[in-house]
Each structure stands twice: as C-alpha cells, then as structure tokens.
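1. Following is a predicted model, sequence given first.
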Amino acid sequence: MRFPSVLRAALIALTALFGLAGAAQADSGTISFKVFKGGWIIGGSAGSGTLTFQGRRYPVSIGGISYGFVFGGSETWFHGTVSHIRSPYDVSGVYGAAGAGAAIGRGGQAIVLTNQKGAVLSLSGRQVGLQINADLSGLAVTVK
C-alpha cells in the first residue's frame, strides 16, 4: 500500500511542476510605432506608438542615437511582433543594431532586434524621406 501512495505523490508533484512551467512560458504581442530620424554623422531618432499584449494596449515611446555615416532625415512607420516576453514591461530596454540603407522618396525596411531582457522585435515598415546610412545605432523603447 505504501508504493501507490509514493507513486501518486510523485505524479501530483510532476503535474504541478509542469503546470507551473507552462504558466511561466514567454508570450508575444504586436507593436506599431512611428519614428523620425535625422542626422549628419551623428543621428537621432524619436517616436511613439502602441504595444498590444494579452488584449491590452500600452503606449510606447522611442528614442535613439546613431553614429557612423548618417545623412538626411526620414519618417518610418514600423509594425511587427514582439516575442519572448512575460510582461509588457519586458519590451522596455535598449536595442542595438548595425546597418546600412538608403531611402530616397519611399522605401521599405525590415529588422530584428533584441534587448537585454531577451525581448525580440521583428519589424517591417515603410520609410519616407531622404536618408543614407551605414552606422551603429541604439534604440531605446519605453513602455509607459
């Protein structure tokens, strides 16, 4: 009679353990924002948008700086997904990138970025303006 009790207790413990592990898994959401970028050698960017996570909307602000070959100014509308987050505030952080590109009139962009908390932004967008760049940049996202 003792063996079935131990087996039953072990099965209950394993069920509870896997139930908690499933609840702690990362989730995903969507994000949309507009960014204005401009510069000459040193560039800056600023913008705002919305994060949608688990049916709720959160305002976000965007800011950044870049250094390298930067010339011109542009406006870009980004939309995409954010993954590997447990809370909307996991999106807040600094995302780094190295890139090169050009927009004369209209153009498209796509980028994947990761912050220090492991949040992954997979973004695509359309850009309007005149901008040529080959630079290192940092983008700070803040969820309000």
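-> Perfect, I can see it now.

2. low pLDDT regions in this structure?
-> 1-25, 98-103, 135-136 (pLDDT under 70).

3. in the protein, which spans are strands?
-> 27-53, 56-85, 93-114, 120-143 (DSSP state E).

4. Take those and lay them out in CSV including mean neighbour count.
-> Heads up, the C-betas are built off the backbone N, CA and C, glycines and all. Shown next, in CSV, are the strands of the chain (neighbours: other C-beta atoms under 10 Å):
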stretch, mean neighbour count
strand 27-53, 17
strand 56-85, 17
strand 93-114, 14
strand 120-143, 17
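
5. Grab the most central residue of this protein for me.
-> Of all residues in the chain, the one closest to the mean position by C-alpha atoms, centre = their mean is L121, 3.1 Å from it.

6. got a list of what the residue nearest to that one when sequence neighbours are not counted touches?
-> Leaving aside its chain neighbours, L121 sits nearest to L113 (4.6 Å; criterion: C-beta to C-beta, 6 or more residues apart in numbering). By C-beta atoms under 8 Å, 6 or more residues apart in numbering, the contact list for L113 reads 95-97, 120-121, 123, 139.

7. Which pair of those spans the longest distance?
-> Within the contacts of L113, two members stand farthest from each other by C-beta to C-beta: G96 and L123, at 14.4 Å.

8. And the contacts of stretch 81-99?
-> 24, 26-31, 51, 53-54, 56, 58, 60, 111, 113-122, 133-143.

9. Surely G129 and F71 touch.
-> No. Counting by C-beta atoms under 8 Å, F71 is not a contact partner of G129; they are 11.1 Å apart.

10. Quickly list what V82 is bridged to.
-> Beta-bridge partners for V82, by DSSP bridges, are G29, L121.

11. er, S74 actually
-> With DSSP bridges as the rule, S74 is bridged to K37, G129.

12. Am I right that it is in contact with G43?
-> No. Using C-beta under 8 Å, S74 makes no contact with G43, being 10.0 Å away.

13. Overlap in contacts, those two.
-> By C-beta under 8 Å, 6+ apart, S74 and G43 have these common neighbours: K37.

14. Identify the bridge partners of S66.
-> Bridge pairing for S66 - DSSP bridges - gives G43, S137.
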